[in-house]
Each structure stands twice: as structure tokens, then as C-alpha cells.
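Asks: coords please:
(2 chains)
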Amino acid sequence: MAHNEEYYKAIGFKCGLEVHQRLATERKLFCSCRAAGEPGMEIGTVERMQRAVAGELGNVDVSTSFESQKKRKFIYMNFSDTSCLVDMDEEPPHPINDDAVDTALMISASLNANVPDEIEPMRKEVVDGSDPSAFQRTMLVGYDGHISVDGREVGIPTIFLEEESSGIEKNDDESATYNVSRLGIPLVEIDTGPDLRNPEEAKKAAMAIGLLLRLTFRVQRGIGTIRQDVNVSIAGGSRVEVKGLQEIDVVDTIIENEVERQLRLIEIKKELAGRNAKVSLPVDITEIFAITGVKIIRDNVGKNGAVYGLNLVGFEGIIGREINPNRRLGSEISDYARAAGVKGIIHSDENLEAYGFTSHEIEQVKQRLNVKSGDAFAIVASGNAETSRRAAAFAKLRAELSVQGVPSETRAADSKNMVTRFMRPIPGGSRMYPETDAKPIQVDKGAYEAMLKNKVEIKKMRDALEMEIGNKQIAEQMLWSPRLSSYSFIVSKTKAKPLLVASILLEKMTEIKRQGIAADSITDDVLLEIFRLYAEGTITKAGIEEIMKRVPRSGAEVQRIIKENSLSRITGNGLRELIKKFRGPDKASTIKQLMSKYRANIDGEEMNKMLKEELA
Amino acid sequence: MYSETITRFLRANGIKVGDEVELRNGKSAFEGILMPQTETGDPDSFVIKLKNGYNVGVKMDKDSKIRVLKSGEREFSFPSAKTSARKGLEKIALIYTGGTIGSKVDYSTGGVYMLTKPEELLFEVPELSGIANIDVRDLMHMASEDMAHMEWGAIAKEVADSLNGGARGAIITHGTDTMHFTSAALSFMLQNLNAPVVLTGAQRSSDRGSSDAFMNLICSSYIATRSDIAEVGICMHEDSSDTSCSFIRGTKARKMHTSRRDAFKPVNDRQIARAFPNGKIEYANDYRHASEKKQKVIANTKFEPKVALISAYPNSNPDIVGYYAGKGYKGLIIEGTGLGHVPVEPSMKENSWLPAIKDAIGSGMVVGMTSQCLYGRVNTNVYRNLRRISGAGVVYCEDMTPETAYVKLGFLLGNRTRKEAEGLLGKNIAGEITERSRIDSAETGFD
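Replies: All right, here's what the predicted structure looks like:
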């Protein structure tokens, strides 16, 4: 499936990344709620309605009005420790979190960016409900930066500091439920230029940016704390924004499939142009199905519902055309209709008999809609007449857009099927206005110069690790490992050998994890103590492993675990006594005897040395 | 605001705010629209709105170069909607006085400013035109903290005029800070009232999709159009959710939170009604019902401004009472502690308020006592000091809020003799005093 660079050049491939990373600050960006950890007790919900309002240029943004047409209720779940009146849009923002600004500037410096003299907090309108205030606070903190990806310099035109949105918990026709606990956590958005040359390079750029961010040691780690959005277009199409690429391994495959989809849509556009295709107005065809065997209509429409039909003039055979694995043009139209709250559409390129349509019903539909040879039709149905009418309008919009080619859309990545799905039209530029409740920030240029001098560099870090660990492969693994910060912490504070620390953190901890033990729950302080005891000679290497296995399970202190499980190292005279006691006929059987009983207590090297001395 | 240096630089280059410009500063170049600098920004930094919508501040230096890419001709104005009368809908007046509900971000200054045309508010809430035929009356554009008794009078006259002109009810959009002063004033000033008079506002400006203005206006319109309440009241969010609004008696309402949308609570009263955005109204208290008999509404706007509202607290100096007496003040409302105390026998004898109060009353002032507890009723008998204070001639104002007592005393002194005013201060005129202290009237919680 992977194409070469020439191919992507030829199709006019354009691709840029937006990497969103949560910062590891103690507090949220504009309030004093905790920015990480457990949310605390749920303390009830608040229900709100939101609406699109005229933006800065006086016109309502396309994307926001599309969302608000859906007229849904938003329910916000609040928590004792992680949400407050600021989150609920019940109090003006507190002064900005300086630590977050400092971290964002440090990240900008590490991306070789310039920073504005004055940072201007903005409001970006969001009407999907993910923010109770209906806008997100965001600000540009860096521009004209770059990062090296496989030796090539990739431009980073913009870096933003902004608020995290709420997490969606439930979503249906009438309402969406959000968890407010993560709202307002500081986030940096790092955008590359649109010049990533192919899907693989996009993946590599995402990895490089992710690594650089981790190397600052000032960002959150774990699922959901970093996510990638990607903008993709090809010649003859429009920009499509794919959101929520959380699994970096599939970034390239999803982009490849998105390119494929756009190519197919452009082909369809050309074909439709040749056929003079167009879409007629939706027609209420409810009465045709007053008595029907079509299960999804019979079971859903009822007294207050309606069935609408659309004549897709000149679309015959095209609605069913595959544009992605298991995705057809019909799937795209369905996704629009779904945004209005129906389950999907039924169209004439499908096997209608399978739905239970009689040929008489099909004939009647064709007649009512004036469907001729070469045309196709689509049907939407809902138990709510208004929902049905809106769904038909949305389906009509999408069908019409296929005459124009690739619609400019925000799409969601579907990592399971490696494809993308429609979320909403791409937002225009009219949804930003100044956050007048927050003061502009004067950047200390002298401090920024110092940050540039001390910036995080992947290469410098890699070289230093190699030097320290003395093993290129393990150093590279350590560089990419989420345990890198633990490693640095331990190495800087104990005399334990870096190679040993790295090996245990990378291999032993992973092994322990595979045994179903929550090795990641061991804190850095506990790890530090374990390695300190090792460096002092109190425990052996095998003892480290035994303690690591027991800490997450028992939760006890390291010293107590050592005592209760007899994990102290036996050394010197003690070891000599043991050797005497367990001496076998030969060296091998002595070792076997000793190790079967004292594996965790004896250092192999010391034992070998003693045995050798005795023989000598 | 830009500094003199930047202003001169812009003038020299023939550039004005709103122009699309290219600004070069050393190695960096910025393209975008030149925005005004806000009050809190650095006056020596240009603010440029980039193509991506973000603003950046760029410090002016000796190398700064600027040129116009496109002249900004566009005049920004908020969209507006005119309503045309629809058959079968009642007519109500919407009297516009200003406040957050009528404000938006003004992009020519970067701050929150008031809408200049009330029709712009109708554009934001198109539902209103389906509820009633709305007669928009653009009375004033004022922040409520700036309002005084003249404004209360002007609003009262406008309400009377609209109701006498056939409106079924009236809505007044108003800043929230002092809305409860205005609601109390209108409750006293509007006589023969036979229709709902609804004050409403917003805690979040209507430029944001989450503004409370939308539902507050919708619920207010239903109260004005459908209820048979013949009283003045405040209609705003009942709680943090966009589920219902409370309609609270004008003399019993108080702003109890600086920022929440359910800031207004009834004090020592239950809300009169609960209004839902779908038009449903639930009544929850006794109220004056509108009668069939048509009577002309009279706005009695006379008010004595020489009335003061002061607070007594530990260490407070009673000289303040003498100060007002000396300035010719005719009335004084004290926010006392607990059941209605002021310091009577403090260790610092000169801080006893009793002599000052006696002097003030002796010089002809009317002095009223309320409680800074807000919830509950003052009392003249429980403690000796209460008996001494009331014995000095202080009128104990029952369960009135200090603000309502203040407005009431100004109204009484503007219309009655001193003696009459003193007699009426502690008696109910417009729902400001309840006789029964209902157990279920203390809805103080925010949850």
C-alpha cells in the first residue's frame, strides 16, 4: 500500500501535523484546580444549552452553526477536586498559570521558535459543548520554529498554549455529557508546516515532536495526554482535518487511507460532472410507508415521525462506490445524516429487498421523487419528524458536496478500521476574539534567550545517554522510554551504574509488568531507594527484582519488604559460612545448592570470586 | 491604547487601526489586521491579528517598518433584527437600559461594551419574536453601578407609559449589580400596577454561546406575556443550569453572588414563580393578581436622595452618623449586626453609637435598622441593647433587606412628611415585609 515519494509529489500531497500535549503543571491554566490525578468525588451535574453567536466579523462561523443547529443539551459532570466555578463559566478566569507559560516558552525554545513580545490570550469559539463557556482560551506563544526529522528540517510555524477541553462521556441525539475534570489543563499545540512529504514522514515528525516534549520532563504522560491531528489534502481537493490520532503507530496508515478517499472523491466528482448530477429537495414520503414491512421504518417512525426521500439525479451506482475499505460514498452521506440524529440513510445502490422494501414501495418512492434511469435516491427516517427533516437536509448537503469534490471537513480518526469519519465542517477563521478577562503577557526576552541556550535537544540527549550507559542500543531504548525521567532521577542521585539502572528499568520492569504486576505504579522515590540500597550493597540485583514485584502488591515500605521476605544481601563472612554449609561434590553443585535457596541474597560475582579463592 | 510613539509612527505611515498591514521588526515579519491595544496591554506594542485569527503583540523599535496591504474600510456593526408585529401575539415592552445583557465584545476597542441598538439583542434571541410582539424602547445605555434615583424614575415613567400604551407586560434589561435597588424602587414607584414588570440581565455577556442572557430573556418574556402577576420582579437563572428561571419579588430580591448566573435569590421570601424556557410557569408563592379592572399606572418618581446606608461593625466609629446629619441627610438605614445591634457599650466609650443615633433622630433624621445577616427578622426586645436602640427611636425594619429599606426610606421621604415616613418604614407597602417567617423561605444555597 505504501507509495513512494514521487507518487505523493505527483498527487500534490500536502500534510501538516498538530500535536496536542498536556503539560505537567500542578494547577490548571486559568484556575486553581488540580491539573492531574484523581478527580475526587462527583458533585453533581449542570445542564446547559449553547448557541452560535455572531463572531468577530459579525458572521456566525460555519462549523459552530452546524453544531448548534443540532440544538442539543449539554450535561457537565463536576468533581470535588478538579472542577470549579471558572470551569463552569460561572466566574472570570484567574490570572494565568505562570508555570504553564514558562513551560510553553521552554518548549518553544526547544523548537527553535521566536516568541511574541506580548502574548495575547484569545477565545476560540467551540459549540460542540466541550467547553461550558462555549469557547476555549488559547494564545500564540511561538512562531517560525523547526525540528529535525530524520535529518530534514521540518518547519514549526506556530506553537500555542491553550486549555484542554472536557472529556465526552456520553453522546446521543438530544444531549452530550461531558466530564469537566480535565477541562482547562494547560496544553501546548505544536503545528508543523504543510510540507510533510508523505505519510511516513508525518508519523516520524509526530514521533520526534513527542520525544522532544517528553525530554522536557514537563509534560504529562499516559493515555490521552498527547494526541495528534493531521491536515491532509491533495491537488484538486480541499483541506481535511483528521482529529484524535492517539495511536502513533497507525498515523501513516490512516493518512494513506485518507489520501485514497480523497482520490476516489475526486474521481466521483469528475464522473458526476459528466452526468450533470444534482440533488433535488427532500420530499416527505411518510405516507408511502403507512403500512410497511421495512423494519427500520416500521419500528422507528411511529405517530410523530417522518420519512424523507431525496432524488440524487445522475448518481446511480455512485452512492455505492467504495472509497475506503468498507466505506462508500453512501457512508459519507450517512455520517452527515447521523449528525442530525438519525441512524443513517438507506439508498438505492443498496439491496433494498434486504431491508424489507417491496417492489411496489420502491416504485412509489421513485414516482414521488421523480427518480429516472441513471438517478439514485436516499431515504432517511426518524421517530421525530423534525430530526428526519434535518437529517434529509444534511444528507442533501453532503450529496451536493460530492459534485464539488472533497468537502473541507473535520474528521475523526477511526484507529480500529484505519479510516476517518466526518465530524463537522472545517471551522472558518471567524471564530477567534480577544479574551478580555485575561491580561496580555509581556515576555521577558532575556529569560527567553537563556531558555534558547538551555533548550532540549534530542541529539545532545542521545549522545549523553550513549556516553553514560555505554551501550548504544540500550541508550536509544532509554531515550524513547517513558521511564527516562525515572532513569535520570535515579542515576543523578545514586551510585548505581547507569547501564544496570537502564537495563532494569527497560527489561526487568517490562517483564514484571507482563506478569500482571503494576510496575508503573512504583514511584520514583521508591525506585530511588531500591537502587540506593543496591548501590550500598544492602541488596543484590536479583533482590531488586523481588522488591519491585512486591511493592505494587503489598504497598509496604521497601525496608519492611526486605525484612519480611529476607531479601538482604548475604556477603563477606556470611557468604563464606553459607558456602561451607552447602558445599557439594563440585563447584557446579555448590552453586546450584546455594542459588536454589539464596538467589535473591547472593551476588553471583562475589560468590564466584570466593569459590575461586577457595580453590586456589 | 497605543503610546504617543506608536500613534505618531502610524500617522506618519498613513495607517489606521483596522488596516491589513505588514509589520517588519528585525528578522520577523507579521501580516494581519492592526488591532487596537487594550488597556492592560503594553502601549508600546502593536497588536496584529494574524490570518489564523490569533493576535500577537509586537514591540515597537527603531527598526520597525509598516506598510498597508489593504485599507480596512469595513465598518463593524453587530447584526440586528427588526420584529414586525405578528397576529395573535401579545404586545410587551422591552425597555433597554444597558448592562452585561446588552453588551458584547467591541472589536474596535477589545473590551466589553454595550450594544448600541436593542434590535441587536433581538437578533441574538430570535425566539422572542415567537413569544410576543416586542416593542423595543431604547431608554438608556448605562452600567447599573452608575445608576441613581433619577434613572429609577426614568425607568418607572417608561414602564408606566408602555403599560398605559397597551403593553401586556414590560421587560427591563438592566445591569445586575444594582438591579435589586431598581426593582425595589419600581415596586414603590409604580402605583396601580396591573401587569408583570420583569427586570432581567445577564452574568455572561451575550457574545458567548454560553451566555445566560438567552434563557433569561426567553423566560422573562413568558412571565411578561403569560403570567397574571401584577408586581415588579427579577427574572434570572434559578440555578447554574439552563433549566429554569426564578421570578423574585422586586422588594425581596438580592444579588447574592458576584459572578454566578443564579446570583439573585429571594431573601426572606419564596420566589413568586419559576419560568421554563418552554413557556411553562409554576407559581410558588402568593402574589398580587392582575385584575380585569383597567386603571392607569402612575409613576410616582419623587425620591429623597439624602438618605444613606451604613454598616455597623466591631470598632466602627459612630461619627459617620453625625457626618450625615451635618450634611443635611434626612434618613439613615443602618445595617446592624444580628437582630439589629450597633455597639452600645464598647470598651472604647467614644465608639458607642447610641448618643450619635439619639442626636441624629433628635435633629429630625429618620433612622432605620436592618440586619447584615440579611436572612431573618430584626427584633427590638430580646436583648437589653436592642431595647435601648429602639427606645432611642430607631425604626426596626422587620425582614426587609438593607437595600430595600434604603430605597423605601428615600421614596417615603420624597413623598411624605417625616412623621409619616417614620410610621410607614416598618409597615408593608409593596411586599417588602412579610408577616409570617416561613420555614421554607430560606433558599440560600448555591449547589
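Asks: in chain B, what residue is nearest chain A?
Replies: Chain B approaches chain A most closely through residue B:57 (2.4 Å), counting by Cβ to the nearest Cβ. C-beta here means a position set from N, CA and C on the backbone, and glycine is covered the same way.
Asks: in what helix or strand does that residue lie?
Replies: strand B:55-59 (DSSP states H and E).
Asks: elements contacting that strand?
Replies: Contact partners of strand B:55-59 among helices and strands, from 3 or more Cβ pairs under 8 Å, 6 or more residues apart in numbering or on different chains; DSSP states H and E: strand A:118-119, strand A:135-149, strand B:20-25, strand B:28-35, strand B:45-50.
Asks: just to check, residue A:121 is in contact with residue B:38?
Replies: No: the criterion here is Cβ atoms under 8 Å, and residue A:121 misses it with residue B:38 at 10.4 Å.
Asks: what do these two both touch?
Replies: Residues touching both residue A:121 and residue B:38 (Cβ atoms under 8 Å, 6 or more residues apart in numbering or on different chains): A:434, A:440.
Asks: which of those two has more neighbours?
Replies: Between residue A:121 and residue B:38, counting by other Cβ atoms under 10 Å in any protein chain shown, residue A:121 is the more crowded of the two (24 against 20).
Asks: how about the contacts made by the nearest residue to residue A:603 once chain neighbours are set aside?
Replies: Counting by Cβ to Cβ, 6 or more residues apart in numbering or on different chains, residue A:540 is the residue found nearest to residue A:603 once chain neighbours are left out, at 4.8 Å. Residue A:540 is in contact with A:534, A:569, A:600-603, counting by Cβ under 8 Å, 6+ apart.
Asks: beta partners for the residue of chain B closest to chain A?
Replies: Using DSSP bridges, the bridge partners assigned to residue B:57 are residue A:118, residue B:47.
Asks: equivalent analysis for the one 10 residues further on, please.
Replies: In this structure, residue B:67 has beta-bridge partners residue B:22, where bridges are defined by DSSP bridges.
Asks: which other residues reach the longest helix anywhere in chain B?
Replies: Across chain B, the longest stretch assigned as helix under DSSP state H is helix B:149-164. Here helix B:149-164 makes contact (Cβ under 8 Å, 6+ apart) with B:93, B:95, B:97, B:135, B:137, B:139-140, B:142, B:169-170, B:172, B:181-182, B:185-186, B:189-190, B:193-195, B:197, B:296-301, B:303, B:305, B:410.
Asks: tell me which of those fall in helices.
Replies: Those of the contacts of helix B:149-164 lying in helices (DSSP H): B:181-182, B:185-186, B:189, B:410.
Asks: nearest to residue B:66 among these?
Replies: Residue B:66 lies nearest to residue B:182 out of the ones in helices among the contacts of helix B:149-164, by Cβ to Cβ, at 48.0 Å.
Asks: in stretch B:302-321, which residues are buried?
Replies: B:303-304, B:307-310, B:312, B:316, B:318, B:320-321 (16 or more other Cβ atoms under 10 Å in any protein chain shown).
Asks: mean confidence (pLDDT) on it, please.
Replies: Averaged across stretch B:302-321, pLDDT comes to 97.
Asks: end-to-end on that stretch?
Replies: For stretch B:302-321, the first-to-last residue distance is 24 Å (Cα to Cα, to the nearest Å).
Asks: how about residue A:470, nearest residue that isn't a chain neighbour?
Replies: According to Cβ to Cβ, 6+ apart, the nearest residue to residue A:470 is residue A:499 (5.8 Å).
Asks: residue of the stretch 501-616 of chain A closest to chain B, please.
Replies: residue A:521 (35.4 Å).
Asks: residues near that residue, how many?
Replies: Counted with other Cβ under 10 Å, residue A:521 comes out at 11.
Asks: can you give me phi and psi for it?
Replies: Per-residue torsions, residue A:521: phi -80, psi -10 (degrees, to the nearest 10).
Asks: in terms of pLDDT, where does the residue nearest to it when sequence neighbours are not counted sit?
Replies: Nearest non-adjacent residue to residue A:521, counting by Cβ to Cβ, 6+ apart: residue A:552, 4.9 Å away. As predicted, residue A:552 sits at a pLDDT of 86.
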